[in-house]
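1. Sequence and predicted structure are below.
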Amino acid sequence: MLSSSIRSASSVIRTTAIRGFATKAEVSHKPPIDIHGLSARYANATYVAASKQNVLDTVEKELLEIAKTASTSEPFRQFLENPTMSREVKTKMVGEMLKGKTCDVTLNLMSTLAGNARMKEINNITDGFVSLMKARRGEVEATITSAEPLTKAQADAVAAAMK
């Protein structure tokens, strides 16, 4: 009876040790915060894809450039918002414009948006993606309101506390 108890305990210990070392922990590609809405779906999917390919910073930079171009270039903005252009034509044009100039994740996002007639959502998608990236970096936006102007020492103290 004692020997069967020892064998049973030995089996439990051996099984526990094997289970503890059997699998390697996977890297999580899950977005750091939850955002919701139509544009958030695209932002979340783009974040996951960019994380898996290790190009998060590149995609963020490219999306910010595309959003900036959309807000400063009237012809590009009209192209994005034009409902009379077919999805196939837009997808082809997006591919021609961005191929070789952006990474695959950004190109895939823009092609998907063109194919789903969601190109006009690029600014909202970019805002969502930037929010995910800020959360990843641990950045938090803060607004400081003071009844009186801050002295140099107070402003320095606030700046130091924010870092």
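-> Alright, I've got the coordinates.

2. Distance of the residue most central in space within the chain relative to Leu38?
-> Nearest to the geometric centre of the chain sits Tyr47, at 3.0 Å (CA atoms, centre = their mean). Going from Tyr47 to Leu38 by CB to CB, to the nearest Å gives 15 Å. Where C-beta positions appear, they are placed from N, C-alpha and C, glycine not excepted.

3. likewise Met97?
-> As judged by CB to CB, Met97 and Leu38 stand 23 Å apart.

4. out of those two, which sits in the busier spot?
-> Between Met97 and Leu38, counted using other CB atoms under 10 Å, the more crowded position is Met97 (15 against 12).

5. This protein: helices as residue ranges?
-> Here the chain has its helices, by DSSP state H, at 2-21, 38-53, 56-72, 74-81, 87-98, 104-115, 122-137, 152-162.

6. Tell me which residues of stretch 68-77 come out buried.
-> Within stretch 68-77, the residues scored as buried using 16 or more other CB atoms under 10 Å are 70, 77.
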